[in-house]
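Undergrad: give me coordinates for this.
(one chain, ligands or ions: 1)
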Amino acid sequence: MFPKEILLASANPHKIEELEQILIPLGITLKSARDYPDGEEVDEDQPSLEGNALKKARYWHQKTGLPSLSDDTGLEVDALSGAPGVHSARYAGNNASYLQNTEKLLREMNGQKNRSAQFRTVIAFVDGKGREHLFEGVCRGTIISEPRGDKGFGYDPVFVPDGYERTFAELSSEEKNLISHRGRALKKFVEFLG
Ligand code: ITT
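TA: Below you'll find the predicted structure:
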């Protein structure tokens, strides 16, 4: 049985949009941190995506009593031993913009022959009874050297998913959701809900 209401424990409007696109058609009412202006920003200080995802979902479940879903995502680049990984949001420093993070990535990748990488999303779900569940989604691809496209967010303009020629930033959100790390993790979550 689908819960009637789920709290999306994210402050990232792009992520919220991608999550809404899949969950709203299931008839689930979605709330987010924006509905609770007194909510605090959860410090993402854990060493893994799993740890940060659980921390965010637990905080919002405790605050609201609602089943709460969070998403922690990292770009894991093979030639950089998995960096920026869990540090993807602040690769170029605290409060770095998407552009600054992407520029740093391209500098680190300068001259690299092996450009393979993956996005990995961990969704944490704390259900109405406080039980915790984790779902993972991976999307493999290649880091290109010149950004292309203006859709999506984050590192999308430099990531070409395997089997495609366009970057994530050149795909519609429907196309991205079908094959993306987040879309795949969400699919497992929806299957779990039954
Ligand atoms: P919340 O924790 O509030 O959900 P956040 O932006 O801090 O939002 P993450 O720590 O999970 O989220 O994201 C890390 C960074 O990874 C994010 O700032 C983007 O730069 C990048 N990122 C996440 N999902 C992405 C996607 O689908 N496409 C491109 N980049 C993405």
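
Undergrad: what does the protein put close to the ligand?
TA: Within the chain, the residues that sit near the ligand (CB under 6 Å from any ligand atom) are 10-12, 15, 44, 71-73, 88-89, 98, 101, 119, 152-156, 168, 180, 182. Every C-beta, even on glycine, is put in place using the N, C-alpha and C of the backbone.

Undergrad: report the closest residue of this structure relative to the ligand.
TA: G154 (2.3 Å; CB to the nearest ligand atom).

Undergrad: which residue is nearest the middle of this protein?
TA: Nearest to the geometric centre of the chain sits T73, at 3.8 Å (CA atoms, centre = their mean).

Undergrad: longest single helix anywhere in the chain?
TA: If you go by DSSP state H, the chain has its longest helix at helix 49-64.

Undergrad: the residues of the chain next to the ligand in strands, which ones?
TA: Members of the residues of the chain next to the ligand lying in strands (criterion: DSSP state E): 71-73, 119.

Undergrad: now the farthest one out in this protein, which residue is it?
TA: Outermost in the chain, CA atoms, centre = their mean: G111 at 27.9 Å.

Undergrad: re the thing from before, look up phi and psi at the residue lying closest to the residue nearest to the centre of the chain once chain neighbours are set aside.
TA: Leaving aside its chain neighbours, T73 sits nearest to T121 (4.5 Å; criterion: CB to CB, 6 or more residues apart in numbering). Main-chain dihedrals, T121, degrees, to the nearest 10: phi -110, psi 130.

Undergrad: wait, isn't T121 in contact with R182?
TA: Yes: with contacts counted by CB atoms under 8 Å, T121 reaches R182, the gap being 4.7 Å.

Undergrad: so what's in contact with the two at the same time?
TA: 71, 73, 137 (CB atoms under 8 Å, 6 or more residues apart in numbering).

Undergrad: in contact with the second one, which residues?
TA: With contacts defined as CB under 8 Å, 6+ apart, T73 is in contact with 15, 49, 88, 119-122, 181-182.

Undergrad: can you tell me how far the residue lying closest to the residue of the chain closest to the ligand once chain neighbours are set aside is from F125?
TA: With CB to CB, 6+ apart as the criterion, G154 has its nearest non-adjacent residue at 5.3 Å, and that residue is Y98. Distance from Y98 to F125, counting by CB to CB, to the nearest Å: 27 Å.

Undergrad: of these two, which one has the most company?
TA: F125 (23 against 16; other CB atoms under 10 Å).

Undergrad: distance of the more buried one from G82?
TA: F125 is 25 Å from G82, by CB to CB.

Undergrad: pull the number of nearby residues for D78.
TA: By other CB under 10 Å, neighbour count at D78 equals 14.

Undergrad: once you drop chain neighbours, what's closest to it?
TA: With CB to CB, 6+ apart, the residue lying closest to D78 is S116, at 4.8 Å.

Undergrad: would you confirm that that neighbour contacts F159?
TA: No: with contacts counted by CB under 8 Å, S116 stays clear of F159, the gap being 10.9 Å.
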